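Peer 1: for reference, the sequence and a predicted model appear below.
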Amino acid sequence: YNRVWIPDNEKVWQSAEITKNYKAGDRFLHVQLEDGTELNYPVDPTALPPLRNPDILVGENDLTALSYLHEPAVLHNLKVRFVESKLIYTYSGIILVAINPYKQLPIYGDAIIHAYSGQNMGDMDPHIFAVAEEAYKQMARNNKNQSIIVSGESGAGKTVSARYTMRYFATVSKSSSNAHVEDKVLASNPITEAVGNAKTTRNDNSSRFGKYTEISFDQSYQIIGANMRTYLLEKSRVVFQSENERNYHIFYQLCASAMQPEFKHLKLGSAEEFNYTRMGGSTVIEGVDDRANMVETQKTFALLDLKGDFQMDVFKILAAILHLGNVEITAVGDERSSISLEDKHLNIFCELLDLNCDKMAQWLCHRKIITTSETVIKPMTRAQAVNARDALAKKIYSHLFDFIVERINQALQFPGKQHTFIGVLDIYGFETFDVNSFEQFCINYANEKLQQQFNLHVFKLEQEEYMKEDIPWTLIDFYDNQPVIDLIEAKMGILELLDEECLLPHGTDENWLQKLYNNFVNKNALFEKPRMSNTSFIIQHFADKVEYKCEGFLEKNRDTVYEVLTEILKESKFHLCAKFFQDNPVSVSPFSSTINIKSARPVLKSPNKQLRMTVGSKFRSSLSLLMVTLNATTPHYVRCIKPNDEKLPFEFDSKRVAQQLRACGVLETIRISAQSYPSRWTYIEFFSRYSILMTQQELSINDKKQICKTVLQRLIQDHNQYRFGRTKIFFRAGQVAYLEKLRSDKLRHACIMIQKSVRGWLQRKKFLRIKQAAIIIQQYFRGQRTVRQAITARTLKETWAAIIIQKYCRGYLVRRLCQLIHVAAVTIQAYTRGFLARKKYRKV
């Protein structure tokens, strides 16, 4: 009986064996579950349960190789490989599916890298190194730039995967020079992770910014440098963390090293002593030594030639941010607030940054409003002052982050011209939390754009090419997320309405949200108003529905700091602080060769508010440029999967995995692979590659296109396995591998023929030498034998005579000895008998 998959609420799908033949028209399918339970499963004759693959196919390293391609087969294959075989990588056509094992595995050493180097994708087990090798090989073969797009949910392992691809390139393309460029490229990872990664509820090392690392190669395809582009640092984390989350790692590393002599002047303590690091209630990550990580961070700074003075300047600013968060702001009535000049942390903050303490205490609690006729100083409430303090802390950290990235890029700069590059994109995964704000909105917007790029590359462009080549193709419906992107970025979309509200002097989150309700509720199916809330809105993203709280959207989008505070910081004698807030700000595209520092923009001095770009508009521009870059390269996809939410090693939650597979396009790829022609060659490429399989009669045809058609019809009998287009030949999965096998067999046969001839010649030559030697040996042997034969007859006679003489002599000697013994014996007997007789006689 056949086995099938039936839906299950807990396992998503469970296996069952058919116990009774199904006949057309039956309303129930009689099945037995794996636990022995008998079940009458109701079926629809038009949609029978999917069949299960035979056991021999379970565990395939490429999902497209399964006989039955559907969701339960994919889920089961991944589970068997992950849980039973402890294999975390699986191919799905052009996609590498990587499941996070939540455990260190010994599969990333240099020996493994060298094993994958030079191998074709598919020759060895699936691996992140195989994808990196494919990108490197295509770059070298086609002289075309490549991109590796690593995507997935937060906690799925994107950062680690991106890190391993960069390590692979650094190892296989290592140059002979002493510049150690590869080591510097790898050294950029620990630094950016320290200042840009943090613990969240889903991931202990979550990237809170997007990163596109462009690794540059020369004409010998050796690394000559790199450039890093960053996107949307989550600045709000500096001043606020949700429960069980942490601030950026660097703060905890610094606090863990506070007692070291070189950090004494920073006057730090444990992380529990500072508001900005204890807010989430989780200052320690299990299994992570922040003190040891600080040592590694310092080493990598030094490896990039960022020596002690630079490091200490960075640590001074980080310490100043922590002390700023501890500045106590006291409410004075309902409309005012104040800060004591004796405040310990305020004095340390001003001492570290070399600021005027009196001015800072005053302007943290007051703001200056400049009109055409007068300047008004207005006191702030405690809540407003706290917001001003936090905004300043976020701005300082943002500038510090940009400055560190700028210095890393300077350290990775290279002379001469870049020949090609491989870009590695490590960008935030799709996020949905209990409370989602502006950061999650931008992150999910970025993921929508990346998903659209994936759709265009894998689905739409595929179908369009089939049509262009006149290949029969059944159009397959798939989820197109262009409508949700239009909802966000189109004219009068969410971002444009947000920017419009930000331009209004009295714009509020509530007014903006009301505009969204008026424009989209009941007019756009992807936008919803929550039933129980008037401060939120819901967007139907490609992966899931997400509810966003409107509170803080305007403030985060404006990203402003009061001008008077920036003026105080400009007056600082601490060169780094003054540089952050210098005049003449220059906004530089994140796609330039280096990233310049942007100064805080004046709040009220701008003559035209339209010229002031918001965070949302800058992020949208950056994303558009990123898409242009990705579309100009050959993309390679790595889909990272989070197997469970508890971070348990090799535990497989089928429901969570199925949800991610549906969202990231893996199942759609498999569905199309089962019905389409994934491999394609131009006629010229096919002729050049497989001319060895062609007969002389076929090669005599002048038209190469006709030659290709003739040879294919001879080699592959099933004409449904390929299609002839205008300029290309399209093959179903497995057919190119079959042709490669025929080609390898032909080459192997030719090699054997050559080897046979060469070995025959060598053996013949060896045989003639041995024959000549044998003849000489025989010559001497026969001569010796002739001499011996001449004296053989006489020798035999003499020998025989000698034997006869010996015989008689020996007989004579033996007889004589016998006679002597006989005489002696008789004599002895006579004397004995006489003695005995005389003795008896005397007795008688």
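Peer 2: Good, I have the coordinates.

Peer 1: in the stretch 551-700 of the chain, which spans are strands?
Peer 2: 634-641, 679-682 (DSSP state E, counting those that start in this stretch).

Peer 1: deepest-packed of these, please.
Peer 2: The highest average neighbour count among the strands of the stretch 551-700 of the chain, using mean count of other C-beta atoms under 10 Å, belongs to strand 634-641 at a mean of 23. Every C-beta, even on glycine, is put in place using the N, C-alpha and C of the backbone.

Peer 1: what's around the closest residue to residue 218 other than its chain neighbours, how many residues?
Peer 2: Using C-beta to C-beta, 6 or more residues apart in numbering and skipping the chain neighbours, the partner closest in space to residue 218 is residue 224 (4.8 Å). Burial of residue 224 is recorded as 24 neighbouring residues (other C-beta atoms under 10 Å).

Peer 1: before we move on, what about residue 545?
Peer 2: 11.

Peer 1: partner residues bridging it?
Peer 2: residue 540 (DSSP bridges).

Peer 1: point out where the stretch 401-550 of the chain drops to low pLDDT.
Peer 2: Applying pLDDT under 70 to the stretch 401-550 of the chain picks out residues 459-462, 473-479.

Peer 1: quick one: the strands in it?
Peer 2: 420-426, 527-528, 536-540, 545-549.

Peer 1: pull the residues that contact the third one.
Peer 2: The one in question is strand 536-540. Residues outside strand 536-540 that contact it (C-beta atoms under 8 Å, 6 or more residues apart in numbering) are 444, 484, 487-488, 513, 516-517, 525-530, 545-550.

Peer 1: check contacts around residue 684.
Peer 2: residue 704.

Peer 1: from residue 139, how far off is it?
Peer 2: Relative to residue 139, residue 684 is positioned 22 Å away (C-beta to C-beta, to the nearest Å).

Peer 1: hang on, the earlier thing: now the strands of the stretch 401-550 of the chain in JSON lines, with distance to residue 320?
Peer 2: Listed next are the strands of the stretch 401-550 of the chain as JSON lines, based on distance: least, C-beta to C-beta, whole Å:
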{"stretch": "strand 420-426", "distance to residue 320": "29"}
{"stretch": "strand 527-528", "distance to residue 320": "43"}
{"stretch": "strand 536-540", "distance to residue 320": "36"}
{"stretch": "strand 545-549", "distance to residue 320": "31"}
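
Peer 1: okay, and the helix or strand of the chain with the least pLDDT?
Peer 2: helix 666-675 (a mean of 68; mean pLDDT, DSSP states H and E).

Peer 1: and residue 4, that's in a helix?
Peer 2: No: checked against DSSP: H, G, I helix; E, B strand; the rest coil, residue 4 lies outside a helix; its state is strand.

Peer 1: and what about the closest residue to it other than its chain neighbours, helix, strand or coil?
Peer 2: Spatial nearest neighbour of residue 4, excluding adjacent residues (C-beta to C-beta, 6+ apart): residue 49 at 4.1 Å. Following three-state DSSP, the label given to residue 49 is coil.

Peer 1: so what's the residue count around residue 49?
Peer 2: There are 21 residues near residue 49, going by other C-beta under 10 Å.

Peer 1: and residue 130, helix, strand or coil?
Peer 2: With three-state DSSP as the criterion, residue 130 reads helix.

Peer 1: wait, it touches residue 118, no?
Peer 2: No: here residue 130 does not reach residue 118: they are 11.3 Å apart, not a contact under C-beta atoms under 8 Å.

Peer 1: between these two, which one's more packed in?
Peer 2: residue 130 (21 against 11).

Peer 1: which ones are touching that one?
Peer 2: 96, 116, 119, 121, 122, 124.

Peer 1: can I get the buried part of those residues as one ChimeraX selection?
Peer 2: Applying 16 or more other C-beta atoms under 10 Å to those, the buried members can be selected in ChimeraX as follows:
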select :96,116,121
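
Peer 1: closest to residue 341 among the contacts of residue 130?
Peer 2: residue 96 (59.7 Å; C-beta to C-beta).

Peer 1: what's the spacing between residue 354 and residue 238?
Peer 2: 21 Å.

Peer 1: more neighbours, the two?
Peer 2: With neighbours defined as other C-beta under 10 Å, residue 354 and residue 238 compare such that residue 238 has more, 26 against 14.

Peer 1: show me where the stretch 51-200 of the chain has strands.
Peer 2: 89-92, 95-99, 146-152, 197-198.

Peer 1: figure out which of the ones you listed is closest to residue 837.
Peer 2: Using C-beta to C-beta, the nearest of these to residue 837 is strand 89-92, at 117.4 Å.

Peer 1: quick one: residues in contact with that closest one.
Peer 2: Residues contacting strand 89-92 (C-beta under 8 Å, 6+ apart): 61-64, 74, 77-78, 81, 96-99, 122, 125-128, 639, 666, 669-670, 673.

Peer 1: over to stretch 375-394?
Peer 2: Contacts of stretch 375-394 (C-beta under 8 Å, 6+ apart): 235-236, 238-240, 276, 321, 324-325, 327, 329-331, 334-337, 339, 364-370, 555, 560-562, 565.

Peer 1: now a ChimeraX select for only the buried ones of those residues.
Peer 2: In ChimeraX, this line selects whichever of the contacts of stretch 375-394 come out buried by 16+ other C-beta under 10 Å:
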select :235,236,238,239,240,276,321,324,325,327,329,336,337,339,364,365,366,367,368,560,561,562,565
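
Peer 1: residue nearest the centroid of this protein?
Peer 2: residue 161 (2.3 Å; C-alpha atoms, centre = their mean).

Peer 1: tell me who's in contact with that one.
Peer 2: 98, 128, 150, 426, 638, 640.

Peer 1: so how far is residue 489 from it?
Peer 2: 28 Å.

Peer 1: same check, this time on residue 432
Peer 2: 20 Å.

Peer 1: which elements pack onto the longest helix seen in the chain?
Peer 2: Ranked by number of residues, the top helix in the chain under DSSP state H is helix 735-790. Secondary-structure packing of helix 735-790 (3 or more C-beta pairs under 8 Å, 6 or more residues apart in numbering; DSSP states H and E): strand 679-682, helix 683-690.

Peer 1: mean confidence score for it?
Peer 2: Averaged across helix 735-790, pLDDT comes to 89.

Peer 1: possible to save the strands of the stretch 551-700 of the chain as TSV with distance to residue 503?
Peer 2: Supplementary listing: the strands of the stretch 551-700 of the chain in TSV, determined by distance: least, C-beta to C-beta, whole Å:
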stretch	distance to residue 503
strand 634-641	37
strand 679-682	51
